[in-house]
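> just need the structure, nothing else, for what follows:
(chains A, B, C and D)
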There are 2 protein chains.
Amino acid sequence: MYTISEIAKVVDISAHTLRYYEKEGIIDPIRNESGIRQFDEQHVQWLKFVKKLRETQMPVSQIKEYTRLFLEGEHTASARFRLIEDHQQYIRDQIDILLTTDEMLTKKVATYKELMQKSLS
Amino acid sequence: MYTISEIAKVVDISAHTLRYYEKEGIIDPIRNESGIRQFDEQHVQWLKFVKKLRETQMPVSQIKEYTRLFLEGEHTASARFRLIEDHQQYIRDQIDILLTTDEMLTKKVATYKELMQKSLS
DNA sequence: AGTTGACTTAGAGTGCACTCAAACGTCTAC
DNA sequence: GTAGACGTTTGAGTGCACTCTAAGTCAACT
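Have a look, this model is predicted:
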């Protein structure tokens, strides 16, 4: 069992943000007698998944929606499937853009190197 | 020569955003006698470059800085070079994250397909 | 018993990147 | 020459995702 600041370290998401995620319905820790949030291994796994989605720009609103569907049960599988597939498409488009830009910048870098070489001679 | 809405179409950046970029010093179109902005081929090239930087999450503030250095002249080449190199590193890190997440989602998708297959039988 | 530090809440504030509104000027076609 | 489509400006508004504040509770240590 983890407190909020413990799990914050483990998953590398600030306690602040975790409370915000709870308010948004993305995570639902249990509470002990004194109201302190308690997180377990399941929460860790879930948050690591959420983190990957956020790192790849899935909006919080969509993660919310995915969570809602997940909690609703197995009959929402196809809707969740669609969300995931759409996001995977987004990721692949994003990779394309990044690769193209990387190439462009490599050329720029080469130009700069030439320029700086010349200015030395 | 292009008006703001013409170049907006060409580079696919809204006229609103182009005015905002001008205010931020990222672009500096000339004006005709009646104060209308006039953009040329150079502006098109520059904006296409800027767009790639934005699409790959370079902050507007850094694009501003890059522009400022560029306008300052050749002696800022090494500073610009560093900005570009840093951004290229960011892009490569981002590609890594996207690839890892893509893999993870592919596994998820497979699980969902199984699940949905079973629910049919 | 007092201090420290982590936890709690509701709600306000922040920073970014647009995005829009309002009021007005200008160009083109009929 | 006037309608309407486009242009201009300043300044305010929006949406997102945090991020912080204030005021308080609670447990553990000295």
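
> can you list contacts of stretch A:94-112?
Contacts to stretch A:94-112, defined as C-beta atoms under 8 Å, 6 or more residues apart in numbering or on different chains, come from residues A:56-57, B:49, B:52-53, B:55-56, B:77-78, B:80-81, B:84-85, B:87-88, B:91-92, B:94-95, B:98-99, B:102. Every C-beta, even on glycine, is put in place using the N, C-alpha and C of the backbone.

> try 6 Å
B:52, B:55-56, B:77, B:81, B:84, B:88, B:91, B:94-95, B:98 (C-beta atoms under 6 Å, 6 or more residues apart in numbering or on different chains).

> ok, those vs DNA strand C, which is closest?
Distance to DNA strand C, by C-beta to the nearest atom of the strand, is smallest for residue B:55 among the contacts of stretch A:94-112, at 9.5 Å.

> can you read off the pLDDT for the closest residue to the closest one other than its chain neighbours?
The shortest distance from residue B:55 to any residue other than its chain neighbours is 5.2 Å, reached at residue A:97 (C-beta to C-beta, 6 or more residues apart in numbering or on different chains). Taken from the predicted model, the pLDDT recorded for residue A:97 is 96.

> what does residue A:121 give?
Model confidence at residue A:121, expressed as pLDDT, equals 68.

> counting neighbours, what do you get for residue A:107?
A count of nearby residues for residue A:107, using other C-beta atoms under 10 Å in any protein chain shown, gives 9.

> wait, a helix at it?
Yes. If the criterion is DSSP: H, G, I helix; E, B strand; the rest coil, then residue A:107 is within a helix.

> DNA strand D contacts on chain A?
With C-beta under 7 Å from any atom of the strand as the criterion, chain A meets DNA strand D at residues A:14, A:16-17, A:19-20, A:33-35, A:54, A:59-61.

> among those residues, which one sits closest to residue A:119?
Nearest to residue A:119 out of those is residue A:54 (C-beta to C-beta; 43.0 Å).

> gap between that closest one and residue A:86?
Distance of residue A:54 to residue A:86, computed by C-beta to C-beta, to the nearest Å: 16 Å.

> next one: residue A:92
Distance from residue A:92 to residue A:86, by C-beta to C-beta: 11 Å.

> same thing with residue A:116?
Computed with C-beta to C-beta, the distance linking residue A:116 and residue A:86 is 44 Å.

> what of residue A:105?
Distance check for residue A:105 against residue A:86: by C-beta to C-beta, it reads 29 Å.

> which bits of chain A sit near DNA strand C?
Close to DNA strand C, as judged by C-beta under 7 Å from any atom of the strand, chain A has residues A:3-6, A:15, A:19, A:35-37.

> restricted to helices, list these.
In helices, judged by DSSP state H, the following of the residues of chain A next to DNA strand C are found: A:4-6, A:15, A:19.
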